[in-house]
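Enquirer: Below: sequence and its predicted model.
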Amino acid sequence: MASILNERYEVIDLQTVAEGDFTRIAYKARVLPKSTEESEGRIVLLRQLPRAADTKDVRAAAGEAASLPSSPNIQRFYGLAEIAGETDIQDGVYLVSEYSRGISLRERIRRVAPFSLAVSLDISIAICQAVLRAESFGIAHEALRPESILLTPEGQVRVGDFRIACAILSALGEESFCQDDRRAIGLLLYEMLTGVAADQVVVVDGHSPRQINPNVPPALDGIVAKATSLDTYKQYTDVSRILADLQSAREDLKAGKSLSWSPLGPANGSGVARSTARTAQATTRTIAVKPITETRTMTTRRRERNRDQDDDPDYPVWSKVLLSILAVIVIGLVFAGAYLYTILSVPSDVIVPNLIGKQYSDAQKIAASDHFVLVKAADNFSDILPAGSIYEMSPAPGRSIKAGKDVSVTVSDGPQLVAVPDLSQMTLARAEQTLTAASLPQGSVSFEYSDTVTKGIVSSQQPAADSNVAHDTPINIVVSKGPAPPVAPTGLSATSSVDGEIDLTWNDDPDAVTYNVYRDGTKLQSALPQAAYSDVNLGSGETHTYTVTGVNDNGESPQSAAVQATTLVDGSPDQTATTAPTADSSASTNTDSNGAPVETTTPSSDKQRRFEIRFRVPPNGPHNCQIEVQDTTGTNIVYDQDRQGGDIVDDNVIGFGNKIIFRIFVDGKLIRQDTL
């Protein structure tokens, strides 16, 4: 097998993809670091995309899937990679995703289903949490199947191929497999409880898991029926409701409580229907009201008779006393009846309402109205529900409890806040590692020019360092591209003061590292460290057009404004060769081996000339020292050594021709130029 793909992926092993998935060929590979500063790359899985699925919609879906940050129950997707021309590797587009050890849920079902109730609940809850996490970023899965769910040896449940799976299936003409996530979760639970593959096309209403596996309790049977139902009055409104019922069932199972309740009531299980209890309440209240009304009528009549008797002056006194005693008794009976009415109007049994997602203050009002006591068990962080919302409760919704009993709830504190680390002065690879250690997802990565931040180093971030954000907040990073390419040089001038030579000078640009010189549209000289150049060995009276450009790590500038120059027609006067002055402006002359002056004459243009170059190295070394000679043979570095500060450089150099230019560089900077 080829070992390296696209100079980016090192193939480790050929992987087998489960039958029924939309890819067949896959490779386990290591992502190679982009630079020596980047640590060893992550392990990824490369899966070949069917050629028919390489569409615009699939590529757009891949971009959405890649924007989903990492999460404990989500298999990370990184994007697409086009691979071609590699030995033993099939050409094509490959899906690049996080690699994890384990087997698919499809294979696990094939081997050991039906699962135990505890295992079925744990896997279903993890799937719901992954789907809700993705929904918080606006991404639905739309093609949840056992093939897209991985079970690791450590017991983790990893859901992959969000959004992109449905796009690929649609491109392959299998749109029927793309469906609502609520229904897909119910079908997955159906398969785990029965071991029978659920028909993902035909409606499963009425196909109860209990018909296949009698050990399935009404609670789980009802959850499957409610999740897979196409009846809008029966089905769950969202995945969070499914999660709440699954968590309630798991709590009851752990506590050894009965799972005879059902989210659909007695029509689909043996649980108590909420409507039955409310009918009993209404009956109790009707019975209690009637005696009170009759009592009040009797009392009113007796009071009328008493008034008639009081008006009769001949009515005996003892009769008045007796009537007063009777009146007191009747009034007592009235108050007793009112008290009994209050007692009898409170039901003996209460159906627990669904409080998941409701604000705690609203839930308190519901508890008072429905005659149970709301108890706040704890506050905890939640990525799904906002602060103050209830996200767990016990007993579960739909359960029957005695009036006045406690219902325990856990209230969300909102998402947990994390301090954003300072990523400045870090490489991109180091910044990614820092975000991973802080449990924060990486957001977008962009690049921009910067005159102050070194190329490849983080120049800014959003949100800012040290701010407190939810732990699922993406951190966007801007990486420096170094200084912008230079602008076109200015101030270019060309003069000829010597026969056969044109001297060029221009303004130095701080953004340029070197310069290129063009003569008549053709590059004449490159990588000049200074803003000057002499074009030699030209004929008399020649006219040429010159331009220059600046160069740095990010490219070459546009060409400067063009200038023309013509070489002198008359020859230049004879010259006497002299020694180039030293760097500290002190001069020396040519000497022989004994140090005595050597007489020199002006040689012909093709004769070799020898010079002694002597200069003092600047203090505070060491420094790199170079001597450059420009003559009829071209431009050459004839001396290149590192010397300590204060050293004397004394070197003999050779040049050819009538005019020789000497340049002295210290640490790459021109400190002296002389023409001899």
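Expert: All right, it came through fine.
Enquirer: quick one, what contacts the residue nearest to Asp451 when sequence neighbours are not counted?
Expert: Once flanking residues are discounted, Asp451 sits nearest to Pro483: 5.3 Å by Cβ to Cβ, 6 or more residues apart in numbering. (C-beta placed from N, C-alpha, C; glycine too.) Residues near Pro483 by Cβ atoms under 8 Å, 6 or more residues apart in numbering: 449-451, 511, 552-554.
Enquirer: switch the cut-off to 7 Å
Expert: For Pro483, the contact set (Cβ atoms under 7 Å, 6 or more residues apart in numbering) comprises 449, 451, 511, 552, 554.
Enquirer: before we move on, what about Arg51?
Expert: Counted by Cβ under 7 Å, 6+ apart, Arg51 has contacts Gly92.
Enquirer: where exactly do the helices run in this structure?
Expert: For the chain, the helices defined by DSSP state H occupy 56-66, 105-112, 117-135, 164-171, 181-194, 209-212, 218-228, 239-255, 274-311, 317-345, 360-370, 428-437.
Enquirer: ok, of the contacts of Pro483, which come out buried?
Expert: 511, 552 (16 or more other Cβ atoms under 10 Å).
Enquirer: Closest to Leu528 out of the contacts of Pro483?
Expert: Distance to Leu528 across the contacts of Pro483 (Cβ to Cβ) is lowest for Asn552, with 13.2 Å.
Enquirer: From Ala527, how far off is the closest one?
Expert: 12 Å (Cβ to Cβ, to the nearest Å).
Enquirer: can you list the domain ranges for this structure.
Expert: Annotated domains of the chain cover 4-98, 103-255, 274-345, 349-412, 417-480, 493-566, 574-676 [automatic domain parsing].
Enquirer: Which stretch among these is buried most, on average?
Expert: Highest mean neighbour count of these: domain 103-255, a mean of 19 (counted as mean count of other Cβ atoms under 10 Å).
Enquirer: looking only at pLDDT, what's the mean for that one?
Expert: Average pLDDT, domain 103-255: 88.
Enquirer: got the end-to-end distance for it?
Expert: For domain 103-255, the first-to-last residue distance is 31 Å (Cα to Cα, to the nearest Å).
Enquirer: and if you look at stretch 624-644?
Expert: Stretch 624-644 has an end-to-end distance of 9 Å (Cα to Cα).
Enquirer: next one: that stretch to chain centre, how far?
Expert: 52 Å (Cα atoms, centre = their mean, to the nearest Å).
Enquirer: Contacts for it next, please.
Expert: By Cβ under 7 Å, 6+ apart, the list of residues contacting stretch 624-644 reads 525, 534, 537, 605, 613, 617, 621-623, 649, 651, 653, 655-657, 660-667.
Enquirer: Mind doing that once more with 6 Å?
Expert: The contact list for stretch 624-644 (Cβ atoms under 6 Å, 6 or more residues apart in numbering) reads 537, 613, 617, 621-622, 649, 651, 653, 655-657, 660-661, 663-667.
Enquirer: likewise stretch 452-469?
Expert: 417, 419-420, 422-424, 426-427, 431, 450, 476-482.
Enquirer: Return the distance of that stretch from the chain's centre.
Expert: How far stretch 452-469 lies from its chain's middle: 16 Å, per Cα atoms, centre = their mean.
Enquirer: now stretch 141-153
Expert: The mean C-alpha position of stretch 141-153 is separated from the chain mean by 21 Å, Cα atoms, centre = their mean.
Enquirer: Which residue comes closest to Asp647 once chain neighbours are left out?
Expert: Asp647 sits nearest to Val617 (Cβ to Cβ, 6+ apart), 4.5 Å away.
Enquirer: From Glu191, how far off is that neighbour?
Expert: In terms of Cβ to Cβ, Val617 sits 81 Å off from Glu191.
Enquirer: show me where the stretch 551-676 of the chain has strands.
Expert: Applying DSSP state E, counting those that start in this stretch to the stretch 551-676 of the chain gives strands spanning 555-556, 563-566, 608-616, 623-631, 634-643, 648-656, 661-666, 669-675.
Enquirer: Distance to Arg210 and mean pLDDT added to the ones you listed, as JSON lines?
Expert: Shown next, in JSON lines, are these (distance: least, Cβ to Cβ, whole Å; pLDDT from 0 to 100):
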{"stretch": "strand 555-556", "distance to Arg210": "71", "mean pLDDT": "88"}
{"stretch": "strand 563-566", "distance to Arg210": "93", "mean pLDDT": "92"}
{"stretch": "strand 608-616", "distance to Arg210": "98", "mean pLDDT": "85"}
{"stretch": "strand 623-631", "distance to Arg210": "84", "mean pLDDT": "91"}
{"stretch": "strand 634-643", "distance to Arg210": "86", "mean pLDDT": "90"}
{"stretch": "strand 648-656", "distance to Arg210": "96", "mean pLDDT": "87"}
{"stretch": "strand 661-666", "distance to Arg210": "88", "mean pLDDT": "90"}
{"stretch": "strand 669-675", "distance to Arg210": "86", "mean pLDDT": "85"}
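Enquirer: could those strands go into JSON lines alongside distance to Glu82?
Expert: Putting these into JSON lines (distance: least, Cβ to Cβ, whole Å) gives the following:
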{"stretch": "strand 555-556", "distance to Glu82": "26"}
{"stretch": "strand 563-566", "distance to Glu82": "47"}
{"stretch": "strand 608-616", "distance to Glu82": "56"}
{"stretch": "strand 623-631", "distance to Glu82": "44"}
{"stretch": "strand 634-643", "distance to Glu82": "43"}
{"stretch": "strand 648-656", "distance to Glu82": "54"}
{"stretch": "strand 661-666", "distance to Glu82": "45"}
{"stretch": "strand 669-675", "distance to Glu82": "45"}
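Enquirer: between these, which gets nearest to Val196?
Expert: Closest to Val196 of these, according to Cβ to Cβ: strand 555-556, at 63.6 Å.
Enquirer: Centre of the chain to that closest one, how far?
Expert: Relative to its chain's centre, strand 555-556 lies at 33 Å (Cα atoms, centre = their mean).
Enquirer: Repeat that for stretch 126-144.
Expert: Relative to the chain's own centre, stretch 126-144 is displaced by 15 Å; criterion: Cα atoms, centre = their mean.
Enquirer: Return it as PDB; C-alpha atoms alone will do.
Expert: Extracted C-alpha coordinates of stretch 126-144, given in PDB (Å, rounded to 0.1, in the frame of the first residue of the first chain):
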ATOM      1  CA  ALA A 126     -26.700   8.500  24.700                       C
ATOM      2  CA  ILE A 127     -28.200   8.700  21.100                       C
ATOM      3  CA  CYS A 128     -30.800  11.300  22.300                       C
ATOM      4  CA  GLN A 129     -28.000  13.300  24.000                       C
ATOM      5  CA  ALA A 130     -25.900  13.300  20.800                       C
ATOM      6  CA  VAL A 131     -28.900  14.400  18.700                       C
ATOM      7  CA  LEU A 132     -29.900  17.200  21.100                       C
ATOM      8  CA  ARG A 133     -26.300  18.400  21.200                       C
ATOM      9  CA  ALA A 134     -26.200  18.600  17.300                       C
ATOM     10  CA  GLU A 135     -29.600  20.300  17.300                       C
ATOM     11  CA  SER A 136     -28.200  23.000  19.500                       C
ATOM     12  CA  PHE A 137     -26.000  23.900  16.500                       C
ATOM     13  CA  GLY A 138     -28.900  23.700  14.100                       C
ATOM     14  CA  ILE A 139     -27.900  20.300  12.600                       C
ATOM     15  CA  ALA A 140     -30.200  17.300  12.500                       C
ATOM     16  CA  HIS A 141     -29.000  13.800  11.600                       C
ATOM     17  CA  GLU A 142     -31.900  12.800   9.400                       C
ATOM     18  CA  ALA A 143     -30.600   9.300   8.700                       C
ATOM     19  CA  LEU A 144     -30.100   7.600  12.100                       C
END
